[in-house]
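[1] quick check, what structure comes out for this input:
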Amino acid sequence: MGAGASGEVVRGRGGIAVRPVRPDECAEAGRQTRAGFAALFGEADAEYLDVVADVAGRIDRTTVLVAIDGDQIVGSITVELTTKLDPEQQQLAPGEAHLRMLGVAPAAQGRGAGRALLEGAAAVARAAGKSRLTLRTLPEMAAARRLYEAMGFEGGAPEEHAPGRIHYRYELGLRPDEPTI
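    Below is the predicted model of the structure:
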């Protein structure tokens, strides 16, 4: 499973399709991804939810993939291939692709969209010559951490990202000849 660089739709398990977002879909992709984050964290951090929803604000610097179920966008993932969006974070290491803002609308969760997005992100990273995927996640994201581990990501020790805010770092090695993760 993967999303081709030319934007073709690739079908995953359960009929979920993954492909690069189109400019006219950014608002809907942002709404659905934001809904996934808001369902987990609530609306208290509106500023971060606005960042998650701003797909249009990052498509010129990253690759954003969408998951489509039928004709509905149900989530997205951001793949940093050349630089990180947050200038305060470390830059990408050689061979690294970094994943951010994986979010699936609550009504679509549990149907394979998250897995399909991760598989699509791995395909994009491989096509860009990357040898590993990295990501950071929060303790509250237990279902996401289970998915990462089931897909072969290795977790690291918790890191304090900001005072009182812990992240878990995950990494997955990619082989160029692997069709999926």
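
[2] now the helices for the chain?
    26-41, 46-53, 113-127, 142-150 (DSSP state H).

[3] Ile59: which of the ones you listed is closest?
    Across the helices of the chain, Ile59 has its closest neighbour in helix 26-41 (6.5 Å, C-beta to C-beta). To be clear about C-beta, it is placed using only N, CA and C from the backbone, and glycine gets the same treatment.

[4] between the helices of the chain, which gets nearest to Met101?
    Judging those by C-beta to C-beta, what sits closest to Met101 is helix 46-53, at 5.3 Å.

[5] for the closest one, buried residues please.
    For helix 46-53, burial by neighbour count (16 or more other C-beta atoms under 10 Å) applies to 49, 51-53.

[6] please name the residues that touch the closest residue to Gln32 other than its chain neighbours.
    Nearest residue to Gln32, sequence neighbours excluded (C-beta to C-beta, 6 or more residues apart in numbering): Ala105, at 4.3 Å. Shown in contact with Ala105 (C-beta atoms under 8 Å, 6 or more residues apart in numbering): 32-33, 35-36, 74-75.

[7] picking that back up, can I get the buried residues of helix 46-53 in JSON lines including pLDDT?
    JSON lines is the format used below for the buried residues of helix 46-53 (pLDDT from 0 to 100):
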{"residue": "Leu49", "pLDDT": "92"}
{"residue": "Val51", "pLDDT": "93"}
{"residue": "Val52", "pLDDT": "92"}
{"residue": "Ala53", "pLDDT": "96"}
